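# Provided below for reference: sequence and predicted model.
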Amino acid sequence: MTGSLKIKKTSSGKEYFYVRLSYKDPHTQQWKTKDIKTGLAVKGNKRKAESLINSYVEEYAYLEQLSIIENHIQPTVELSDFLDIWIEEKKCDIRGNTYDTYKCRIATINRYFSPRHTLLRDITPKILNDFYHYCLNYGRVSQKDQSLHPLSVRSVRSCKSILYAAFDDAVLKGLIASNPVRDTKVTNKKNRDFSEEMLFLTEDEIRKMLCFLDEHYPFLKPIAFVGVFAAKAAANHSRIQMC
């Protein structure tokens, strides 16, 4: 793999450096290129951009090694190991922010399956449905104290979508006969069914907030006053209707 600098111009006319990687596709044996945005403007940043080339070559070296990785995938591969390989294969086909999202979701999946050492070929719809249920109750780990909290329905469905795509690729590779995700379902409950009841400010907290705004941001005080008491009035009205 080799790297070089390329210049691209935006629609506004600004020019930025890109690192162009040239590599041989392990599947087709054809040469391909991949352009990586550096975020560096052309003017005054050439040396800095050149210093990034080697790091990008190292970071994306896997693009030429996928065939080696694939040859080491055995029918007894664990699901967590397969997902780690799968996401690296997809890295060159998806945007950076999408890749980061996928990695985050796969980390959630692996937190559940890795300690269980569940094999890819042993995954069943029931096992996946149990995983969804677990995530809806304990899928989010607090960064503050490592406590477990419910994961939103949308996030669990995102995990399911990733699993669906990964298992489809496993079928194509001949590692499994069918995709078990097809027969699974994430509950139809809405996110609010898994959320704690919203807590409103107390009268004392409202008073302190309004005093703070009055001193530092007086132009916001009328808006805050109306918003807080409108919300409390709506909540009280909702409780009355439920009685």
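Received, thanks.
# Would you quantify the distance from the most centrally placed residue in the chain to residue 107?
Nearest to the geometric centre of the chain sits residue 101, at 1.7 Å (C-alpha atoms, centre = their mean). Counting by C-beta to C-beta, to the nearest Å, the gap from residue 101 to residue 107 is 11 Å. From N, CA and C alone the C-beta is placed, and that goes for glycine too.
# can you pull out the strands in this structure?
Taking DSSP state E, the strands of the chain run over residues 2-9, 15-24, 31-41, 140-141, 148-149.
# Now for this structure, the helix or strand with the poorest mean pLDDT.
Scoring the helices and strands of the chain by mean pLDDT, DSSP states H and E places helix 66-71 at the bottom, with a mean of 48.
# show me where this structure has helices.
Assigned by DSSP state H, the helices in the chain fall at 46-50, 53-59, 66-71, 79-90, 96-113, 125-138, 153-172, 203-216, 221-242.
# Out of those helices, flag the one nearest residue 36.
helix 53-59 (5.5 Å; C-beta to C-beta).
# coming back round to it: let's have the helices of the chain in TSV, adding distance to residue 3.
Below are those laid out as TSV (distance: least, C-beta to C-beta, whole Å):
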stretch	distance to residue 3
helix 46-50	9
helix 53-59	4
helix 66-71	18
helix 79-90	19
helix 96-113	17
helix 125-138	40
helix 153-172	28
helix 203-216	51
helix 221-242	52
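# Least confident of those, on average?
Ranked by mean pLDDT, the helices of the chain end with helix 66-71 at the bottom, a mean of 48.
# before we move on, the earlier item: residue 2: which of the helices of the chain is closest?
helix 53-59 (7.4 Å).
# and residue 81, how far is that from residue 161?
Taking C-beta to C-beta, one finds residue 81 at 20 Å from residue 161.
# Of these two, give the one with the bigger neighbour count.
Taking neighbours as other C-beta atoms under 10 Å, residue 81 and residue 161 compare with residue 81 leading, 18 against 14.
# Please compute how far stretch 17-32 lies from its chain's middle.
Offset of stretch 17-32 from its chain centre (C-alpha atoms, centre = their mean, to the nearest Å): 26 Å.
# same deal with stretch 159-174?
For stretch 159-174, the distance to the chain centre is 17 Å (C-alpha atoms, centre = their mean).
# Next, the buried residues of it.
For stretch 159-174, the neighbour count (16 or more other C-beta atoms under 10 Å) marks 159-160, 162-163, 166-167, 170 as buried.
# Residue 206 touches residue 227, doesn't it?
No: if you go by C-beta atoms under 8 Å, residue 206 and residue 227 don't touch, sitting 10.6 Å apart.
# what about the two, which has more around it?
Between residue 206 and residue 227, counting by other C-beta under 10 Å, residue 206 is the more crowded of the two (16 against 11).
# check contacts around the more buried one.
Shown in contact with residue 206 (C-beta atoms under 8 Å, 6 or more residues apart in numbering): residue 228.
# Ranking the strands of the chain by mean neighbour count, which comes first?
Among the strands of the chain, the stretch with the highest mean neighbour count (mean count of other C-beta atoms under 10 Å) is strand 15-24, at a mean of 18.
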